[in-house]
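Chemist: Fold the following for me, if possible:
(4 chains)
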There are 2 protein chains.
Amino acid sequence: MRIGELARRTGVSERSLRYYETQGLLVSDRTPGGQRTYPERAVDRVILIQELFAAGLHSAKIAELLPCMRDPDGAPNERATPALVSSLTAERTRINQLIADLTRSRAVLDEVIETAAREL
Amino acid sequence: MRIGELARRTGVSERSLRYYETQGLLVSDRTPGGQRTYPERAVDRVILIQELFAAGLHSAKIAELLPCMRDPDGAPNERATPALVSSLTAERTRINQLIADLTRSRAVLDEVIETAAREL
DNA sequence: GTAAAATCTGACATCAGTGTCAGGTTCAAG
DNA sequence: CTTGAACCTGACACTGATGTCAGATTTTAC
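Modeler: Numbering: from 1, shown residues only, chains lettered A, B, ... in the order given. Sure, this is the predicted structure:
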């Protein structure tokens, strides 16, 4: 598929998809004319990238991480270096903290929303 | 307490505390010489602000939200307008989505970390 | 072959909280 | 008093993913 369809199907802008490529997160074949072509797998890949961005990982970290994942088709992967494992462990700690903050913030919102609803 | 102590006790930089004040998130008394003075309550307030920032709320939204919270001492609050409730509900939906993304991302990290550990 | 739609590269702008620095003032301890 | 630590305001820089625009090229449909 071409970039427009990938953008439509993932909800990610074409701009971002090109950016992902410059960051080494996403690869594309090119038509003889130079336009990008993606395999079906790219859809899931882009969604995964979005989730990792949402979790606050930077593109450089994602670029290191992706080759170390077990692919759905079980293809062989790179192995994570100790340095990467250490940094991913730190990210996991940060994510756990973030989830805790989010949960508390959501409780605050719930309380304000609930209180307002009671006053109707 | 003065700004240095508040910064130390909350882990938030003096720079940020002053910024919070310009955004209407935090108030301070002033000494005759013009230096900021905070009550004990400010510590919890700053921590709450940090959590809301971590949840992705912008300062303008936090400034609207804070007066509508039930204070721990039960002091009277402003009431949330319908527009605010609507926007907070949207924030809550976003937070729920974000928690889902974070959870999935954490699972990805777990898997990579676990796989690397197994290969030692 | 032609026109319209899609894509290309490259450049510049944006957001919002935070870091940092400069030059001046205030506070607290001796 | 004096001196050093703490604080003040104002200004500028940064980050990093994304928006947007311009001008050129490719693809697709008729």
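Chemist: what does chain A put close to chain B?
Modeler: For chain A, the residues in contact with chain B (C-beta under 8 Å from any C-beta of the partner chain) are A:48, A:50-52, A:54-55, A:57, A:65, A:68-70, A:79-80, A:82, A:84-85, A:88-89, A:91-92, A:95-96, A:98-99, A:101-106, A:108-113, A:115-117, A:119. Yep, even glycine has a C-beta here, placed from its N, CA and C like the rest.
Chemist: Just these: which are in helices?
Modeler: Using DSSP state H, the members of the residues of chain A next to chain B that fall in helices are A:48, A:50-52, A:54, A:65, A:82, A:84-85, A:88-89, A:91-92, A:95-96, A:98-99, A:101-106, A:108-113, A:115-117.
Chemist: Look up how far residue B:47 lies from the closest residue to DNA strand D within chain A.
Modeler: Nearest to DNA strand D, among the residues of chain A, is residue A:33, at 2.0 Å (C-beta to the nearest atom of the strand). Note on residue A:33: its distance to residue B:47, by C-beta to C-beta, to the nearest Å, is 56 Å.
Chemist: Quick one: name the residues of chain A near DNA strand C.
Modeler: Counting by C-beta under 7 Å from any atom of the strand, chain A comes close to DNA strand C at A:2, A:3, A:4, A:5, A:14, A:15, A:18, A:28, A:34, A:35, A:36.
Chemist: which stretches of chain A have low pLDDT?
Modeler: Residue ranges of chain A with pLDDT under 70: A:72-76.
Chemist: try it again with 80
Modeler: Counting by pLDDT under 80, chain A contains low-confidence ranges at A:71-77, A:119-120.
Chemist: So residue A:25 sits against residue A:61, correct?
Modeler: No. The criterion here is C-beta atoms under 8 Å, and residue A:25 misses it with residue A:61 at 10.4 Å.
Chemist: Filter the ones in helices among the residues of chain A next to chain B down to the buried ones.
Modeler: For these, a burial check counting by 16 or more other C-beta atoms under 10 Å in any protein chain shown picks out A:48, A:50-52, A:54, A:65, A:84-85, A:88, A:91-92, A:95, A:98-99, A:101-102, A:105-106, A:108-109, A:112-113, A:115-116.
Chemist: Does anything pack onto the strand or helix carrying residue A:17? Which helices or strands?
Modeler: Residue A:17 belongs to helix A:14-22 when assigned by DSSP states H and E. Other helices and strands packing on helix A:14-22, by 3 or more C-beta pairs under 8 Å, 6 or more residues apart in numbering or on different chains; DSSP states H and E, are helix A:3-10, strand A:36-37, helix A:42-54.
Chemist: Buried residues, that helix. List them.
Modeler: Residues A:16, A:17, A:20 are the ones in helix A:14-22 that count as buried (16+ other C-beta under 10 Å).
Chemist: Residue A:115 and residue B:78 touch, don't they?
Modeler: No. At 10.8 Å, residue A:115 does not count as touching residue B:78 under the criterion of C-beta under 8 Å.
Chemist: and the residue of chain A found nearest DNA strand C, how many neighbours?
Modeler: Proximity of chain A to DNA strand C (C-beta to the nearest atom of the strand) peaks at residue A:4, 2.4 Å away. By other C-beta atoms under 10 Å in any protein chain shown, the residues close to residue A:4 number 12.
Chemist: quick one on the thing from earlier: residue B:42: which of the residues of chain A next to DNA strand C is nearest?
Modeler: Taking C-beta to C-beta as the measure, residue A:15 is the one of the residues of chain A next to DNA strand C closest to residue B:42, at 42.1 Å.
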